[in-house]
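> Only the shape, not the letters, is given here:
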């Protein structure tokens, strides 16, 4: 789960990690008062106005503005709050800015890059740092790969100490007081909050030689939310695709894509493979949808509802491998769902596994307009033919 | 022969009294798995399944009565890591964890304990393994398997079933099918399982099924090139998956270039491994490959 910058900074502050401070605003009426409060509380005539959306590259899209005085800050805040922000990471439609974070301005001496995440190849957490802060790490990796330093942490005591010492050395921070504690606290914050990513870009050294997190991007392991009550409350539903959100409320795993051939599959791997074969047969998949192991009338009905909420969908391929769930039951579920929903797009059904022959007989003999198929390829060809 | 699991392997079920655990334990018994007992903390002394298998509070208690070779775990995700740790502590040789949704932080602890032990862990978030016509530990539908000489190794559940089905329909059979799971941290990697297939005289060829996310398939491809003597047919799911989106499995997410399906397919081909173009062609690709020999 993603959270906003101001929320990430709130968590970091709890671990005594110095951050660029500020207040969040979601209402035009509160802007003026909040700017003054930031100016007074943090003793900073200049402020920075930052759009709070779950996507990077905010500055490039005009979602971050440095404001030398109150008047600039007021103008910037009024225009950013509510704007449709398009950044390299939002996609072409952009995202509406529902909240802005108004912060103190910091006298920066140097900008660094810092990230902490789990490295799957090494089965260990890794610090990734660079002296080239402020730009995308992908860009740094391309232009100055030698300036990216990694330090793996494969245990909590000595390996952590060694890793922190390594990044302090490579970032040339040995003269900075409390640098060790700074990184140690970040590690505790990452670990105790079940973060899957904690990125600070830029991490800055101020003119008076202090380390401060100017930005913060934190992702949380969704499987651990049950024990992270506070972070769970940070969930911003307006950041999610409404269809994906609705699907998750039905207990379905759905991701919207740009094509017109919908698909409904049991199992994530088979669902991806089904999307791939639709493309291979000359079509474009409209979605990823894993209905899970149950595949009963209700899940199939909900699956249809979600897929059909996307107006691009012109045909639907159902691909179920019946292991524990019997194919004849799935077939009856499909027929019942189609009847109840009055479907008017073409449907191709491919059922394999337990009682597959019986299922095909049920489908072929029903008075519902649908096609059955034996292999996935045959099903994909039929579903693609329906849209062309 | 086969790998890891044989007819006589004695099995304990952790979480035997839960609805999933109970249902699949009966399915496993029907398939012929040698299931001796179960564990559910607080339910020691009870009996479960139609065979009235004894239930213990802990593996330690169960071991006082039975010799246990393997344990299969059907425990809710928030307790599953502790269940694995208990099995490791009790020196169970083969541990299979079906549970989906275990936090990564918990699995880091498991991995450290596992590396310091001699236990083998399959999963979590996997369909388990099945040795055709002998035994199964997991949720793979048994009836689709016929005994034979093809090993299956896969990150995904239903793709494992699909591969088994195609291999059987084309006239071959299965030695052992292993679903290793699609989480970021899993007990056994593709290379770990390939080593077992290499040493198994019954397995003549292997189907390797991967997906987007992580670099395990790339590492396996390079390892196969230098160390694996048997024919391999591979398939990678997710060629149409968008970057940065989690496709169902917790680990199925592209975060760098080498983790895409295209990059993995390229690496596999460069290492001389057959790649099935679509999911429909896994069986036929194997037939062509073995026919050439």
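Thanks, I have it. The shown structure was predicted, so the numbers you read here are calculated from the model rather than taken from an experiment. Numbers count the residues shown, from 1 in each chain, chains lettered A, B, ... in the order given.

> only C-alpha atoms for contact and neighbour calcs from this point on.
Will do.

> how far away is the nearest residue to residue B:260 once chain neighbours are set aside from residue B:186?
Excluding the flanking residues, the one nearest residue B:260 by Cα to Cα, 6 or more residues apart in numbering or on different chains is residue B:212, at 5.2 Å. Distance from residue B:212 to residue B:186, counting by Cα to Cα, to the nearest Å: 15 Å.

> More neighbours: which of those two?
residue B:212 (32 against 25; other Cα atoms under 10 Å in any protein chain shown).

> Just say helix, strand or coil for residue A:325.
Secondary structure, DSSP: H, G, I helix; E, B strand; the rest coil: residue A:325 is coil.

> thought it was touching residue A:355?
No. Applying Cα atoms under 8 Å, one finds residue A:325 not in contact with residue A:355, separated by 9.6 Å.

> can you give me the strands for chain B?
Ranges of strands in chain B, per DSSP state E, are B:10-14, B:34-39, B:47-48, B:53-56, B:70-73, B:94-97, B:120-122, B:128-131, B:135-138, B:147-154, B:174-179, B:205-211, B:232-237, B:274-275.

> Show me where the stretch 51-200 of chain B has its helices.
Secondary structure of the stretch 51-200 of chain B by DSSP state H, counting those that start in this stretch: the helices cover B:59-65, B:77-89, B:104-115, B:157-169, B:190-198.

> The last one near chain A at all?
No. Using Cα under 8 Å from any Cα of the partner chain as the criterion, no contacts between helix B:190-198 and chain A are found, and the smallest distance is 12.3 Å.

> Spatially central, which residue of chain B would that be?
In chain B, the centroid-proximal residue (Cα atoms, centre = their mean) is residue B:179; its distance is 2.7 Å.

> what's the nearest residue to that one if we skip its chain neighbours?
Per Cα to Cα, 6+ apart, closest to residue B:179 is residue B:154, 4.8 Å.

> ok so, going back, spit out the contact partners of the residue nearest to residue B:260.
Residue B:212 sits next to B:236-239, B:241, B:252-254, B:259-261 when contact means Cα atoms under 8 Å, 6 or more residues apart in numbering or on different chains.

> As a markdown table, those with pLDDT and distance to residue A:92 would be great.
Below are the contacts of residue B:212 laid out as a markdown table (pLDDT from 0 to 100; distance: Cα to Cα, whole Å):
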| residue | pLDDT | distance to residue A:92 |
| --- | --- | --- |
| B:236 | 97 | 29 |
| B:237 | 96 | 27 |
| B:238 | 95 | 23 |
| B:239 | 94 | 22 |
| B:241 | 92 | 18 |
| B:252 | 81 | 24 |
| B:253 | 81 | 21 |
| B:254 | 78 | 20 |
| B:259 | 90 | 24 |
| B:260 | 93 | 22 |
| B:261 | 94 | 24 |
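
> Now rank the residues you listed by neighbours and give me the top one.
residue B:237 (31 neighbours).

> so what's that one bridging to?
Beta-bridge partners of residue B:237, counted by DSSP bridges, are residue B:211.

> Neighbours of residue A:235, how many?
Around residue A:235 there are 14 other residues, counting by other Cα under 10 Å.

> In contact with it, which residues are there?
Residue A:235 sits next to A:1-3 when contact means Cα under 8 Å, 6+ apart.

> quick one: buried residues of stretch A:67-81?
Residues of stretch A:67-81 classed as buried: A:67, A:70, A:72-74, A:76-78, A:80-81 (neighbour count, 16 or more other Cα atoms under 10 Å in any protein chain shown).

> Just the terminal-to-terminal distance for stretch A:143-152.
23 Å.

> Looking at that stretch now, give me its mean pLDDT.
Mean pLDDT, computed over stretch A:143-152, is 90.

> now swap in stretch B:43-56 and tell me
Rounded mean pLDDT across stretch B:43-56 is 95.

> which residues are contacting that stretch?
Outside stretch B:43-56, the residues touching it (Cα under 8 Å, 6+ apart) are B:16-17, B:22, B:25-26, B:36-41, B:57-58, B:62.

> From the residues you listed, pick the one nearest residue B:192.
Of all the contacts of stretch B:43-56, residue B:25 has the smallest distance to residue B:192: 26.5 Å, by Cα to Cα.

> The closest one contacts residue B:15, correct?
No. In this structure, residue B:25 is not within contact of residue B:15 by Cα under 8 Å, at 9.9 Å.

> These two: which has the busier surroundings?
Neighbour totals were compared for residue B:25 and residue B:15, and residue B:25 leads with 30 against 23 (other Cα under 10 Å).

> which residues sit in contact with the more buried one?
Contacts for residue B:25 (Cα under 8 Å, 6+ apart) come out as B:13, B:16, B:35, B:49.

> distance of the second one from chain A?
What that stands for is residue B:16. Look at residue B:16 and chain A: by Cα to the nearest Cα, to the nearest Å, they are 18 Å apart.

> Can you give me the distance of that residue to residue B:68?
Distance from residue B:16 to residue B:68, by Cα to Cα: 15 Å.

> Of these two, which one has the most company?
Neighbour count, other Cα under 10 Å: between residue B:16 and residue B:68, residue B:16 has more, with 29 against 22.

> Can you verify my assumption that the more buried one contacts residue B:35?
No. In this structure residue B:16 lies outside contact range of residue B:35 using Cα under 8 Å: 10.8 Å.

> Spatially nearest residue to residue A:77, not counting backbone neighbours?
Distances taken as Cα to Cα, 6+ apart place residue A:49 nearest to residue A:77, at 6.2 Å, with adjacent residues excluded.

> My reading is that the one you found lies in a helix. Confirm?
No. Using three-state DSSP, the assignment for residue A:49 is strand, not a helix.

> What's the local residue count around it?
By other Cα under 10 Å, the residues close to residue A:49 number 28.

> cool, and the one 4 residues further on?
By other Cα under 10 Å, 23 other residues sit near residue A:53.

> same question, the one 5 residues further on
A count of neighbours around residue A:58, defined by other Cα under 10 Å, yields 21.

> cool, and residue B:94?
Look at residue B:94: counted by other Cα under 10 Å, it has 21 neighbours.

> Settle this for me: it is touching residue B:117, isn't it.
No. Counting by Cα under 8 Å, residue B:94 sits too far from residue B:117 to count as a contact (11.4 Å).

> Isn't residue B:67 up against residue B:8?
No. If you go by Cα under 8 Å, residue B:67 and residue B:8 don't touch, sitting 11.6 Å apart.
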